[in-house]
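Undergrad: Here is my input, please return the structure:
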Amino acid sequence: MTTAVALRYRFHAARVVATRPVGASLVRVTFGGDDLAGFAGGGRDQSVSLFLPHPGQDAPVVPIAAGEDWYAAWRALDPAVRAVMRSYTIRAQRPDRAEVDVDFVRHGDGGPATRWAGRACPGDPVLLLGPAVADDRSVRFQPPAGADAVLLVADETALPAVGGILDWLPAGTPVRAFVEVPAAADIQPLPTAARAEVTWLVRGGTAPGTGLLADTLRAARLPGATPYAWVAGEAGMVRAVRRHLVGERGLDRRRVTFAGYWRRGASEEDLRAEAATA
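TA: Next up is the predicted model:
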């Protein structure tokens, strides 16, 4: 099943191929299917909208026949019936096998996507809304001309994107990465041809987004003379790090990409509703 949504994006039908834990807090789900041969991912922090069925449903319920108006039609459906929609980063793509990997964080609140990933089995159906042609608009990591190094700042929700970025960077690129994770068991290998120095911050029982990354950066050496910074994760953390880099370190704001992947105390539905109202 392949239904066009717009010229550059479409729904890609897929099924679970395999699942496996990645550290203590992530589970990697591999999706496959002939439709994914047309997924034109751009690597790096390529984002997609993932649609999951509710327990007891045979497939995610999405009004794809509505074409470009699918989102309004989806919102009009009963929340107990319409597919669960969440935004994720593609951790890895294998076009020759029509497969992609998505890493799910095992949140303590046990949200619907976390619960789905915890019980996912080979053959389970999903839909991905992503690029049908090469398109960088859903890739936020865009180093400008003249950047001589890369700074990556992330929590565990953005760890898959960090891995994708390090996979993509040219050999020898100077990189400093600061990654906050809940537990030491979440530290994982991040293979790269770049010249990368990765600092892992284990927060333990400290709540996420409470300043560990920003405080660490204040005492850290930044890479290069004109670095490009990419910051992603909990929205409060992202704002604090951006203020530090631009306001205290004097980085050109045009050389800082920031993305709030989530916000403490708010669901993705809350954030989307706020964005729609704004």
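
Undergrad: give me the low-pLDDT residue ranges for the stretch 101-250 of the chain?
TA: Within the stretch 101-250 of the chain, the ranges that satisfy pLDDT under 70 run 108-110.

Undergrad: Walk me through the domains of this protein.
TA: Using automatic domain parsing, the domains assigned to the chain come out as 2-136, 140-262.

Undergrad: so can I have CSV of these showing mean neighbour count?
TA: For every residue, glycine as well, the C-beta is placed using N, CA and C. CSV is the format used below for the domains of the chain (neighbours: other C-beta atoms under 10 Å):
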stretch, mean neighbour count
domain 2-136, 17
domain 140-262, 18
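
Undergrad: For the residue nearest to V126 when sequence neighbours are not counted, pull up the helix or strand it's in.
TA: Of all residues not flanking V126 in the chain, A14 sits nearest, at 5.4 Å (C-beta to C-beta, 6 or more residues apart in numbering). Taking DSSP states H and E as the definition, A14 sits inside strand 9-22.

Undergrad: From the contact counts, what lies against that strand?
TA: Secondary-structure packing of strand 9-22 (3 or more C-beta pairs under 8 Å, 6 or more residues apart in numbering; DSSP states H and E): strand 2-4, strand 26-32, strand 99-105, strand 125-131.

Undergrad: Mind listing the strands the third one pairs with, and their directions?
TA: Right, strand 99-105. Paired neighbours of strand 99-105 in the sheet (DSSP bridges): strand 26-32 (antiparallel), strand 84-94 (antiparallel).

Undergrad: the strands in this structure, which residues?
TA: For the chain, the strands defined by DSSP state E occupy 2-4, 9-22, 26-32, 47-52, 84-94, 99-105, 125-131, 149-154, 174-181, 195-202, 227-234, 256-262.
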